[in-house]
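**Student:** Dropping the sequence and predicted coords here.
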Amino acid sequence: MASTVPPFDTRDGQLLVGGIQLSRLAERVGSTPFFAYDRARLSDRVAQLRAALPRDLELTYAMKANPMPALVQHLSGIVDGLDVASGAEMRVALDTPVPADRISFAGPGKSPAEISQAVAAGVVIEVESFTEADRILAAGQRLGVRPRVAIRVNPDFEVKGSGMRMGGGAQQFGIDAELVPDLMRELADKDIDLLGFHIFAGSQNLHTEILRSAQAKTAELMVRLGEKASQPMRYLNLGGGFGIPYYDRDSPLDLKAIGMNLKELLATVLRPAFPQARVLVELGRYIVGECGVYVTRVVDRKESRGRTFLVVDGGMHHQLAASGNFGQVIRRNYPLSIGTRMDEEPTETSQIVGCLCTPLDLLGDRTPLPQGQIGDLVVLYQSGAYGLTASPTAFLSHDPPVEVLV
């Protein structure tokens, strides 16, 4: 049950986050637990993507992965756009320098108020149903604003190997591909600016060849649908789904191979069919996931029938996924370490447990670590995405953790 620690720098036996030793960062934050996101690592990840992906392919950040305002502000200066999934996320996005026409709004169940908010702001609304299309039209007429929309397509193919399948078969996401021509005909004579398509078939995929195949099928479906449109399509969102390694057996994506595949698809499939279109990928976890850590302090050490328990002041109410309770079928440890003992070898196997009154609050199962002591800082890596906002922070009414960008 060992976990592989990602490559963070250390100094004098302590982890460095944003160039700051962990114990000093904890003092600067003022309390534990906390999430810390490394500004330089974020910039480096975007630079890696820019180097691997085609130059004429836009890169947008999916805020659902981590909507922390300071982090979004930082990314807004180095990506081409933002994708939001709620009215609250939209407000954060609109506070950045990113123009409204470079902000997209996806997700089923948008409320009428959120739709009006999006129409008034001028963002690209990705239509998920016929009902939603009617509500967008009504909001546009009421506000005297021509809505800007793209159709989110539920594709007629499935992507294997994704952590969560979000396309193919029956889905709450998007409009079935075979029904998209009907919606385009309905919208053809309406006062609405139909820009193009969005296809996002699955998330957290670590299989390079599967992703390459899915991208090819996505491009081909967009061409087939575009042939049935009454006007040229100017917006093609290829989705994302790039995964990051969380566990020992995970291998990182071959980003270079994915970039070469996208370059070929742009040149031979998409550009000939859609010469005027913005073509983009939408990434969240891949940009921020490996750039963040969750830091929690050991408050007790106890032995129980031959097993060592390190009890920390955080837990699953802040980092649900790391506890194995966020859709995992088989629980495996996130990579973790004692961030103040980075130069020490493992000498014992410990249970890292949180402060909640439930046996589900397990952050590290049978984890080889240096001998942990009260006051040590435990670090959970891969915590930049789907951490705080994907966790039940109100459970048992503990204080929420601080988030910092350093």
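**Tutor:** Everything's here; your move.
**Student:** so what does the longest strand anywhere in the chain touch, helix or strand wise?
**Tutor:** If you go by DSSP state E, the chain has its longest strand at strand 292-304. Judged by 3 or more Cβ pairs under 8 Å, 6 or more residues apart in numbering; DSSP states H and E, strand 292-304 is in contact with helix 22-29, strand 34-37, strand 307-312, strand 377-380. For glycine as for every other residue, the C-beta is placed from the backbone atoms N, C-alpha and C.
**Student:** who wins for proximity to residue 200 among those?
**Tutor:** Among those, the nearest to residue 200 by Cβ to Cβ is strand 34-37 (24.1 Å).
**Student:** Now do the same contact list for residue 338.
**Tutor:** 344, 369, 370, 372, 376, 377, 378, 379 (Cβ atoms under 8 Å, 6 or more residues apart in numbering).
**Student:** what bridges to the second one?
**Tutor:** With DSSP bridges applied, the residues forming beta bridges to residue 369 are residue 348.
**Student:** right, and residue 222 touches residue 270 too?
**Tutor:** Yes: the pair residue 222 / residue 270 is scored as a contact, 7.0 Å apart, by Cβ atoms under 8 Å.
**Student:** Residue 148: which of the contacts of residue 338 is nearest?
**Tutor:** Distances from residue 148 to these, taken by Cβ to Cβ, are shortest for residue 379, at 42.8 Å.
**Student:** what about that closest one, neighbour count?
**Tutor:** 22 (other Cβ atoms under 10 Å).
**Student:** Report the separation between the nearest residue to it once chain neighbours are set aside and residue 9.
**Tutor:** What sits nearest to residue 379 in space, not counting adjacent residues and going by Cβ to Cβ, 6 or more residues apart in numbering, is residue 339, at 3.9 Å. Distance of residue 339 to residue 9, given as Cβ to Cβ, to the nearest Å: 12 Å.
**Student:** the more surrounded of these two?
**Tutor:** residue 339 (28 against 11).
**Student:** Next one: the more buried one, what pLDDT does it get?
**Tutor:** Note on residue 339: pLDDT of 97.
**Student:** Spit out the contact partners of it.
**Tutor:** Going by Cβ under 8 Å, 6+ apart, residue 339 touches 14, 15, 22, 293, 295, 377, 378, 379.
**Student:** same thing but at 10 Å, please
**Tutor:** When contacts are counted by Cβ atoms under 10 Å, 6 or more residues apart in numbering, residue 339 touches 5, 8, 10, 13-17, 21-23, 25-26, 293, 295-296, 376-381.
**Student:** Sort out which of these are buried, if you could.
**Tutor:** Buried residues within these, counting neighbours by 16 or more other Cβ atoms under 10 Å: 8, 14-17, 21-23, 25-26, 293, 295-296, 376-381.
**Student:** if we can go back for a sec, what is in contact with residue 339 and residue 9 at once?
**Tutor:** 15, 16, 17.
**Student:** Please tell me the pLDDT value assigned to residue 7.
**Tutor:** 76.
**Student:** shaky segments in the protein?
**Tutor:** By pLDDT under 70, the low-scoring segments of the chain are 1-6, 159-170, 329.
**Student:** Which parts of it belong to which domain?
**Tutor:** With domains defined by automatic domain parsing, the chain comprises 10-37+289-405, 67-283.
**Student:** With respect to residue 57, which of the ones you listed lies nearest?
**Tutor:** Checking the domains of the chain against residue 57 by Cβ to Cβ gives domain 67-283 as the closest, at 5.6 Å.
**Student:** Run the chain-centre distance for the closest one.
**Tutor:** The chain centre lies 14 Å from the centre of domain 67-283; the measure is Cα atoms, centre = their mean, to the nearest Å.
**Student:** Check stretch 54-69 too.
**Tutor:** For stretch 54-69 - counting by Cα atoms, centre = their mean - the centre lies 9 Å from the chain centre.
**Student:** Show me which residues of it are buried.
**Tutor:** Buried residues in stretch 54-69, defined by neighbour count with 16+ other Cβ under 10 Å: 54, 57-68.
**Student:** ok, back up a step: distance to residue 97 added to the helices and strands packed on strand 292-304, as TSV?
**Tutor:** Output for these, formatted as TSV (distance: least, Cβ to Cβ, whole Å):
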stretch	distance to residue 97
helix 22-29	27
strand 34-37	19
strand 307-312	38
strand 377-380	32
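**Student:** Tell me which of the ones you listed lies nearest to residue 279.
**Tutor:** Shortest distance between residue 279 and these, using Cβ to Cβ, is found for strand 34-37: 28.6 Å.
**Student:** I'd like to know how far the residue nearest to residue 379 sits from residue 296.
**Tutor:** 10 Å.
**Student:** swap in residue 231?
**Tutor:** Look at residue 231 and residue 296: by Cβ to Cβ, they are 54 Å apart.
**Student:** same deal with residue 264?
**Tutor:** 45 Å.
**Student:** repeat for residue 9
**Tutor:** Counting by Cβ to Cβ - residue 9 and residue 296 are separated by 21 Å.
**Student:** How is residue 149 assigned, secondary-structure-wise?
**Tutor:** Here residue 149 is recorded as strand under DSSP: H, G, I helix; E, B strand; the rest coil.
**Student:** In contact with it, which residues?
**Tutor:** 104-105, 118-119, 123-127, 132-133, 136-137, 140, 187, 192-196, 198, 235.
**Student:** Among the residues you listed, which ones are in helices?
**Tutor:** If you go by DSSP state H, the contacts of residue 149 have 118, 119, 132, 133, 136, 137, 140, 187 in helices.
**Student:** Looking at those, which is nearest residue 363?
**Tutor:** residue 118 (37.9 Å).
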